[in-house]
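# what follows is a predicted protein model with its sequence.
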Amino acid sequence: MMNISMLNIAHEQVGESRLLAAKTAIGGAGEKHPKIREAAESFEAIFLAQMMAPMFGDIEGEGAFGGGGQSEEIYHSMMVDHMSAETAKGGGIGIADHVYKQLLALQEV
C-alpha cells in the first residue's frame, strides 16, 4: 500500500516531467525569455482560476470549521489561486505555451 509521501514524490516527478516536456516543445526558448514565460504562466493561472472558482461556489463547510461566511469564501479564493498557479507552473493545460509563442512573435514584428 502506498503512503502519502510516496504519492507526493510521484506527483512531483510527473509535474517536473510535464514542465520539461513543455520547455522542450517550445525549443528551450523559455530559458532565454524568463519574464515572458512568467507572464504567459500568470495568464494561464488567471484563466485556470476563473475555470476552477465555480467548483467551490456551492460547497458548504462541515464540522468545527464549517460555518461558511466570509472567511471561508476568502479561503476558497486563496486555495483556487494557489491551485491554478501550481497547475500553470507544472505545465498547465498548454495555454501558457501558446501565449508565450504569441508574445515572442509580437516582439519580433
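Looks like it arrived, so ask away. Worth saying up front: this structure is predicted, and the values here are computed from it rather than measured.
# these two touch, right, residue 37 and residue 101?
No: applying C-beta atoms under 8 Å, one finds residue 37 not in contact with residue 101, separated by 10.7 Å. No exception for glycine: its C-beta is placed from N, CA and C like everyone else's.
# higher neighbour count, the two?
In this view residue 37 and residue 101 are compared by other C-beta atoms under 10 Å, and residue 37 has more residues nearby, 22 against 15.
# any idea how far the more buried one is from residue 76?
28 Å (C-beta to C-beta, to the nearest Å).
# and the helices in the chain?
Secondary structure of the chain by DSSP state H: the helices cover 4-25, 34-52, 69-89, 95-108.
# pretty sure residue 36 sits against residue 105.
No: at 10.9 Å, residue 36 does not count as touching residue 105 under the criterion of C-beta under 8 Å.
# next, the buried residues of stretch 35-54.
36-37, 40-41, 43-45, 47-49, 52 (16 or more other C-beta atoms under 10 Å).
# again with stretch 75-89
Going by 16+ other C-beta under 10 Å, stretch 75-89 has these buried residues: 76, 80-81, 84-85, 87-89.
# so where is this structure shaky, pLDDT-wise?
1-31, 59-68, 109 (pLDDT under 70).
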